[in-house]
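here is my input, please return the structure:
(chains A and B)
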Amino acid sequence: MNGDIALRADGLGKRYGSKWALRDCTLEIPLGSVTALVGPNGAGKTTLLQLAVGLSTPTQGEIRVLGGSPRHDASGILPRVGFVAQEHPLYRGLTVDETLKLGRKLNPSWDDGVARERIERLALPGTQKVGKLSGGQQAQVALTLALAKRPELLLLDEPVASLDPLARREFLQSVMEVVAETGTTVVLSSHIVADLERACDHLVILNQAQTQLIGPIDEILASHRLLTGPRTDPATVARVHDVVRESHTERQTTLLVRANGHVYDSCWQLHEVDLEEVVLAYLGQRSITTRSFERRREAVTA
Amino acid sequence: MIEFHLDAHSGVPTYLQLVQQVRQAVRLGILRPGDQLPTVKEVVGSLAINPNTVLKAYRELDRERLVEGRRGVGTFVASAPPAPPPDGIKELRTALQRWIERARTAGLEDESIAALVADTLRPPVVSRVA
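Numbers count the residues shown, from 1 in each chain, chains lettered A, B, ... in the order given. A predicted model of the protein is given here:
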């Protein structure tokens, strides 16, 4: 077993009734990475994260988290994993102080210093009922609960979807500070890639219960290009590069390609693409193939 | 100390924006030899970007000998920032002008020349399809 993998799925599938929520999912998330798990609603993001924390059992395949099974070795694995579920569920009737006390009682590896310091820095009133806090503050309390476990792996399910732009930014700032300080591995799911583009270094695209693209974001950006030129049969380009998406007018052809080597050709105009365009191109693809980039690990040090 | 700003719509990669801002600050004397750059944690805490992006920028500046990292302390502007490249520029420009003329004679327009240069500057992509 490779020691530098935080989360590994192998042929992982989950079926509810006759519907597969996740199917044939094979991926590796390197230790120390910040991974965006991106896909439309219903793509299987929440299912994957719930399997990772043992909240559900795989129908097929296997998931290993920090080297162990989250279900069979729950007591060994789960204390090392922080999980913030969608909509950051908290006991709305408890105060901030009571919420922290509950966290302390429930988590053997609780670090009260971490929790207190965060709550103080965020200037959250300890006696305030959690239900009375703003959405952004509630998200920060939920994050504090997860961080006080000093997790080696932090899983955040749609953490910023319900937040306003300012709270979104503050939340991501907090997460990035923790990464800079501790090197914690983070997986964030989102249906909007723009939120996460600059915070993440790895990308996993999930669509219709399957993985479509996995790799380091800078390699993904460096290898995808938009080509426009006179109407052409894309097969000529496809002999060299992978054509992810094509569109044609009577006179013009536009291709989003994943390049193999240099792409310059006088027939084509070349354009850079941003991550959102790449994601949308893959999500619009009919045939589904997983592409994976070789891992390139960069140590995270403060 | 300087503060970084990001232009989300410039198309310039985030790490390169950080690199350019340090170079500019050194050139303008806003940063002087021995000055400390913001720590990685400070930068990510204000910009909400990935720490690796900051590390990549600082490594690049270190490679250019514009700054030096001191383990466990921080990153500092080098005591003797590299002098601007001396001669050579003129020769390179002359050679480039000749090359551009050849490219134009070959029928390339300026945009195509720029695209060809940009594409060649980039390290070739090696795709690995699983």
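
just checking, residue A:267 touches residue A:229?
Yes - between residue A:267 and residue A:229 there is a contact at 5.0 Å, judged by Cβ atoms under 8 Å. Any C-beta I mention is one placed from the backbone N, CA and C, and that applies to glycine too.

wait, residue A:54 sits on residue A:70?
Yes - between residue A:54 and residue A:70 there is a contact under Cβ under 8 Å: 3.7 Å.

any shared contact partners between the two?
Contact with both residue A:54 and residue A:70 is made by residues A:77, A:78, according to Cβ atoms under 8 Å, 6 or more residues apart in numbering or on different chains.

what's the helix or strand for the nearest residue to residue B:45 once chain neighbours are set aside?
With Cβ to Cβ, 6 or more residues apart in numbering or on different chains as the criterion, residue B:45 has its nearest non-adjacent residue at 4.6 Å, and that residue is residue A:177. Element membership of residue A:177 [criterion: DSSP states H and E] is helix A:165-182.

and the helix or strand following that helix, which strands flank it?
Downstream of helix A:165-182, the first helix or strand assigned by DSSP H and E is strand A:185-190. Under the criterion DSSP bridges, strand A:185-190 sits next to strand A:34-38 (parallel), strand A:153-156 (parallel) in its sheet.

how about those strands in a markdown table, adding distance to residue B:109 and mean pLDDT?
A markdown table is the format used below for those (distance: least, Cβ to Cβ, whole Å; pLDDT from 0 to 100):
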| stretch | distance to residue B:109 | mean pLDDT |
| --- | --- | --- |
| strand A:34-38 | 38 | 95 |
| strand A:153-156 | 48 | 97 |
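
adding distance to residue B:92 and mean neighbour count, write those out as TSV.
Below are those laid out as TSV (distance: least, Cβ to Cβ, whole Å; neighbours: other Cβ atoms under 10 Å in any protein chain shown):
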stretch	distance to residue B:92	mean neighbour count
strand A:34-38	40	26
strand A:153-156	49	24
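
would you convert those strands into a markdown table that also reports distance to residue A:236?
Listed next are those as a markdown table, based on distance: least, Cβ to Cβ, whole Å:
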| stretch | distance to residue A:236 |
| --- | --- |
| strand A:34-38 | 31 |
| strand A:153-156 | 43 |
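
show me which residues of stretch B:104-122 are buried.
Buried residues in stretch B:104-122, counted by 16 or more other Cβ atoms under 10 Å in any protein chain shown: B:108, B:112, B:115, B:116, B:119.

go on, stretch B:17-28?
For stretch B:17-28, by 16+ other Cβ under 10 Å, it's B:17, B:18, B:19, B:21, B:22, B:23, B:25, B:26.

how close does the first one sit to residue B:6?
Which is residue B:17. To residue B:6, residue B:17 is 6 Å away according to Cβ to Cβ, to the nearest Å.

what's the average pLDDT for the helix holding residue A:177?
Taken as a whole, helix A:165-182 has a mean pLDDT of 92.

what angle do strand A:34-38 and it make with each other?
140 degrees (axes from the mean of the first three to the mean of the last three Cα atoms, to 10 degrees).

what residues are up against the closest residue to residue A:41 other than its chain neighbours?
Spatial nearest neighbour of residue A:41, chain neighbours left out: residue A:191 (5.7 Å); criterion: Cβ to Cβ, 6+ apart. Going by Cβ under 8 Å, 6+ apart, residue A:191 touches A:38, A:39, A:40, A:41, A:43, A:45, A:158, A:161.

just the residues you listed: which are in strands?
If you go by DSSP state E, the contacts of residue A:191 have residue A:38 in strands.

list the buried residues of stretch A:12-25.
Residues of stretch A:12-25 classed as buried: A:12, A:13, A:14, A:20, A:21, A:22, A:23, A:24, A:25 (neighbour count, 16+ other Cβ under 10 Å).

re earlier: ok, the residue nearest to residue B:45 touching residue B:46?
No - in this structure residue A:177 lies outside contact range of residue B:46 using Cβ under 8 Å: 9.7 Å.

so if I had to pick from these two, which one is more boxed in?
residue A:177 (22 against 16; other Cβ atoms under 10 Å in any protein chain shown).

quick one: residues contacting the more buried one.
B:41, B:44, B:45.

ok so, going back, adding pLDDT and secondary structure, write the buried residues of stretch A:12-25 out as a markdown table.
Shown next, in a markdown table, are these (pLDDT from 0 to 100; DSSP: H, G, I helix; E, B strand; the rest coil):
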| residue | pLDDT | secondary structure |
| --- | --- | --- |
| A:12 | 96 | strand |
| A:13 | 95 | strand |
| A:14 | 96 | strand |
| A:20 | 94 | strand |
| A:21 | 95 | strand |
| A:22 | 94 | strand |
| A:23 | 93 | strand |
| A:24 | 92 | strand |
| A:25 | 93 | strand |
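
identify the farthest-apart pair in those.
A:21 and A:24 (12.3 Å; Cβ to Cβ).

residues that sit against both of those two, list them.
Contact criterion Cβ under 8 Å, 6+ apart; residues shared by residue A:21 and residue A:24: none found.

could you measure from residue A:104 over to residue A:85?
Counting by Cβ to Cβ, the gap from residue A:104 to residue A:85 is 20 Å.

more crowded one of these two?
Counted by other Cβ under 10 Å, residue A:104 and residue A:85 do not tie: residue A:85 has more neighbours, with 18 against 15.

contacting residues for the closest residue to that one other than its chain neighbours?
Nearest non-adjacent residue to residue A:85, counting by Cβ to Cβ, 6+ apart: residue A:157, 5.4 Å away. Contact partners of residue A:157, counting by Cβ under 8 Å, 6+ apart, are A:45, A:46, A:49, A:83, A:84, A:85, A:86, A:189.

one more pass at 10 Å, please.
A:37, A:45-46, A:48-50, A:53, A:83-88, A:187-190 (Cβ atoms under 10 Å, 6 or more residues apart in numbering or on different chains).

tell me how far stretch A:159-171 lies from the chain's centre.
Its chain's average C-alpha position is 15 Å from that of stretch A:159-171, according to Cα atoms, centre = their mean, to the nearest Å.
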